[in-house]
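1. Below is the sequence, then the predicted model.
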Amino acid sequence: MHPSKVGGPASAPPVTGVPMAPNAFGGAEAQLLWSTGLCDCMDDFGNCCMTCWCPCITFGRIAEIVDRGTTSCGTGGALYALIMAITGCQWIYSWFYRTKMRAQYNLPESPCCDCCVNFCCEPCALCQEYRELKNRGFDMALGWHLNVERQAGGGMTQPPMTQGGMMR
């Protein structure tokens, strides 16, 4: 029987797109954890295969959501593919987006710094970012604008709101 049903510890709260409120000690916002691990690629077999054979699609979808629609999936994916074909250093471009996504959702730099994760485990990093956004309620195939329209129709949880101004 599940521990929470036998009086054991309760399960973790569901992952949402809204950052946690400041902690009780008056400090900065508490860091949230990634919803899946870096090496949990097989949790979403379809995305794992797509990322292995055409990482530009996975990257494009991530970039569109992280940029809140200012970069289209096609543009982000094409630029990723171009950088990959010309230099082989596409990991630098996706490193930027991983760092941006971590800042938006207050996620920890784990299991090591973003630079190392993207350099050593680029496909795993892309799969983890994709799963994170998907677990936060985004239908990755729709892109930002259709997710917002879907939310307006009551079909999903609200996309995360950004906080204005500088934060410490």
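-> All right, it came through fine. Residues are numbered from 1 along each chain as shown.
2. buried ones in stretch 83-94?
-> 83, 84, 90, 91, 93, 94 (16 or more other CB atoms under 10 Å). Every C-beta, even on glycine, is put in place using the N, C-alpha and C of the backbone.
3. what do you get for stretch 94-114?
-> Buried, per 16+ other CB under 10 Å, within stretch 94-114: 94, 95, 97, 98, 101, 102, 104, 105, 107, 114.
4. Also stretch 35-42?
-> Buried residues in stretch 35-42, counted by 16+ other CB under 10 Å: 35, 36, 41.
5. re earlier: which one of the buried residues of stretch 83-94 is nearest to residue 46?
-> residue 94 (19.6 Å; CB to CB).
6. Check for me that the closest one belongs to a helix.
-> Yes - under DSSP: H, G, I helix; E, B strand; the rest coil, residue 94 sits within a helix.
7. I'd say it and residue 80 touch.
-> Yes - using CB atoms under 8 Å, residue 94 is in contact with residue 80, at 7.0 Å.
8. Could you pull out the residues contacting both of the two?
-> Shared contacts of residue 94 and residue 80 (CB atoms under 8 Å, 6 or more residues apart in numbering): residue 59.
9. which element is the most centrally placed residue in the chain on?
-> Centroid-nearest residue in the chain: residue 129, 3.5 Å away (criterion: CA atoms, centre = their mean). Residue 129 is part of helix 122-135, with elements assigned from DSSP states H and E.
10. So residue 110, which state does it fall into?
-> Under three-state DSSP, residue 110 comes out as coil.
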